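1. heads up, no residue letters with this:
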């Protein structure tokens, strides 16, 4: 469903906690985490493309963090 399920789970958890506690600070931290983990995933994917020639085809079929969207 997604290429980075652990990152997607961490993002969902942090956004959920921010909503549960109605915390603007928590939402800001969750957004910062989204940006950080997305950048980390992009860097890891560059390495995977170098090591595995077919990774580009896999990446074209499977979304990065949000199923069917992103």
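-> Everything's here; your move. Quick caveat, the model's predicted, so the values are computed rather than measured.
2. To what extent is the closest residue to residue 29 other than its chain neighbours buried, counted in neighbours?
-> The shortest distance from residue 29 to any non-neighbouring residue, by C-beta to C-beta, 6 or more residues apart in numbering, is to residue 14 (6.9 Å). For glycine as for every other residue, the C-beta is placed from the backbone atoms N, C-alpha and C. The tally of other residues near residue 14 (other C-beta atoms under 10 Å) stands at 19.
3. OK, contacts around residue 14?
-> For residue 14, the set of contacting residues under the criterion of C-beta atoms under 8 Å, 6 or more residues apart in numbering consists of 26, 29, 30, 33.
4. Helix or strand: which one has the first one?
-> In other words, residue 26. Remark: residue 26 resides in helix 24-51, with elements defined by DSSP states H and E.
5. which helices and strands sit right next to the helix or strand following that helix?
-> Later in the chain than helix 24-51, the nearest helix or strand by DSSP H and E is helix 55-61. Counting contacts by 3 or more C-beta pairs under 8 Å, 6 or more residues apart in numbering; DSSP states H and E, helix 55-61 packs against helix 24-51.
6. tell me what the helix it packs on is packed against?
-> When contacts are defined as 3+ C-beta pairs under 8 Å, 6+ apart, helix 24-51 packs onto helix 5-20, helix 55-61.
7. quick one, which of those is packed in tightest?
-> Comparing the helices and strands packed on helix 24-51 by mean neighbour count (mean count of other C-beta atoms under 10 Å), helix 5-20 ranks first with a mean of 15.
8. any chance of the helices and strands packed on helix 24-51 in CSV, plus mean pLDDT and distance to residue 41?
-> Output for the helices and strands packed on helix 24-51, formatted as CSV (pLDDT from 0 to 100; distance: least, C-beta to C-beta, whole Å):
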stretch, mean pLDDT, distance to residue 41
helix 5-20, 97, 6
helix 55-61, 97, 11
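9. quick one, which of the ones you listed is nearest to residue 37?
-> Of all the helices and strands packed on helix 24-51, helix 5-20 sits nearest to residue 37, with 4.4 Å by C-beta to C-beta.
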